[in-house]
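Novice: fold the following.
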Amino acid sequence: MPVVSSSRRKSARSRREPSSDRIEEDYPSQHAGNNDDVEGGDDEEEQPRRKVKQEKKARRRARGDSESDNNAPAIVDDDDDDRIDIENFHNQPLDKKEGGKLSGIAQDWEMIRKQIHQGSFSLAKEVATSLADVLEGDNANQALSEVDDIMKTLIDIDHEMQSHEKVLSGMHQQLLRGEPVEDAVDLYEKEVKKRINDFNDRTTRKKYGSNDQYVQFKQGIFEVQKPGENIPPINDFIPREEGDESDDDDDLEIGGVTQDFKCPITLTMLVNPMKSSTCGHAFSGDAIRDYLNRGPPSGKSCPAAGCSQKLTMGMLVADSSLEKRAKLAARRAQRDEDDSDDDDDEVIE
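Specialist: Sure, this is the predicted structure:
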């Protein structure tokens with residue numbers, strides 16, 4: 001059996017062993033006959049790599065297209081979207097089932113209006129009476145004129161909010177009668193605008209002369225400035241404009257009234273006044289309680305002169321606004337009396 005020499009074995013071993021840095025530079029470890037198998041394996045590994053690269057490119061292209069179309073309107077499938085189509089809402093008639101929604105919106109307008117203006121009107125009236133008490137002459141006139149403008153603005157806003165409320169309520173009533181509402185948005189906007197324009201076209205007297213808040217505002221100022229005098233008709237506070245009735249037409253004018261800040265029972269200035277919700281007379285709180293407690297549970301006749309209305313404690317409500325006006329009027333009257341006494345002293349000297 002032939003024996004391989006040691007030099008030949010060493011040469012063969014050197015060809016088979018890899019280099020120290022594991023990189024075969026001069027001699028491939030595989031024969032040419034095995035190259036096909038290796039290349040085939042590389043192709044199989046390359047295919048998934050290519051697929052991954054293609055998917056990444058596709059995603060980048062899709063993302064780029066999405067970013068370029070940021071401002072374009074999104075196309076929504078109507079079958080998958082329950083929201084109202086605002087563009088075509090006005091062309092969709094409302095029927096009876098939508099009536100409850102309109103009624104709810106109208107009530108929201110009413111609630112907001114009352115919450116906002118209940119405090120605003122009271123504040124404006126309190127500020128006006130306080131200014132009337134502490135200021136005189138031109139300073140008083142200028143300050144009260146500014147508050148008067150604020151009061152009128154509040155009334156304008158109040159009427160605008162009422163317009164929204166009344167139009168929605170009218171549409172609700174129309175649906176309850178079984179009448180469909182066509183072009184709901186256009187109808188709503190048109191009717192609200194019509195109500196506001198009609199109000200703005202009125203004269204100052206017609207806008208504010210019949211408004212209870214404005215009447216109370218003017219009366220409160222007069223009571224403080226001229227306590228004990230008859231309050232003139234509201235039209236005396238508002239200049240006549242073209243379109244107003246003649247000032248000589250007494251039938252169209254509410255007559256003047258006198259606000260008496262004295263209690264009909266004690267005949268002294270009202271203290272913690274309580275006002276009757278039936279006849280409108282006011283009394284000092286302790287005095288009217290004592291008066292009614294001495295009568296039957298069913299109530300007694302009103303103690304005000306010439307009034308025969310039945311009166312119980314349940315018909316009385318505390319009136320803080322009247323109490324403030326009474327105090328201001330009393331302070332004003334006392335100041336005027338002191339000024340009169342000073343004038344008399346100067347004449348005597």
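Novice: what number of residues lie near E223?
Specialist: 23 (other CB atoms under 10 Å). Every C-beta, even on glycine, is put in place using the N, C-alpha and C of the backbone.
Novice: check contacts around it.
Specialist: 129, 231, 259, 261, 325, 328-329 (CB atoms under 8 Å, 6 or more residues apart in numbering).
Novice: give me the element V317 is part of.
Specialist: strand 316-318 (DSSP states H and E).
Novice: what lies in contact with that strand?
Specialist: Taking CB under 8 Å, 6+ apart as the rule, strand 316-318 contacts 272-277, 283, 285, 288.
Novice: next, the buried residues of it.
Specialist: Residues of strand 316-318 classed as buried: L316 (neighbour count, 16 or more other CB atoms under 10 Å).
Novice: which strands border it, and is each parallel or antiparallel?
Specialist: Next to strand 316-318 in the sheet, as set by DSSP bridges, lie strand 273-276 (antiparallel).
Novice: from memory F283 sits against P273, does it?
Specialist: Yes: counting by CB atoms under 8 Å, F283 does reach P273; the two are 6.7 Å apart.
Novice: between the two, which contacts overlap?
Specialist: C263.
Novice: least confident of the contacts of E223?
Specialist: Lowest in pLDDT among these is Q259, which has 65.
Novice: can you list the buried residues in the helix or strand containing I116?
Specialist: Here I116, judged by DSSP H and E, is contained in helix 99-134. Neighbour-count burial for helix 99-134, counted by 16+ other CB under 10 Å, picks out 99, 102-103, 105-106, 109-110, 113, 117, 120-121, 124-129, 131-133.
Novice: what of stretch 225-233?
Specialist: 225-227, 231-233.
Novice: flag the least confident of those residues.
Specialist: P227 (76).
Novice: quick one: name whatever helix or strand follows the longest helix seen in the chain.
Specialist: When the chain is parsed with DSSP state H, its longest helix is helix 137-176. Later in the chain than helix 137-176, the nearest helix or strand by DSSP H and E is helix 184-200.
Novice: circling back: now the strand holding V317: average pLDDT?
Specialist: Here the average pLDDT along strand 316-318 is 90.
Novice: tell me the contacts of I155?
Specialist: Counting by CB under 8 Å, 6+ apart, I155 touches 207-208, 211, 213-214.
Novice: before we move on, back to that, ok, of the contacts of strand 316-318, which come out buried?
Specialist: Buried, going by 16+ other CB under 10 Å: 273-276, 283, 285, 288, out of these.
Novice: ok, for K96, nearest residue in space, not its chain neighbours?
Specialist: L175 (5.1 Å; CB to CB, 6 or more residues apart in numbering).
Novice: and that neighbour, how many neighbours?
Specialist: The number of residues packed near L175 is 23, by other CB under 10 Å.
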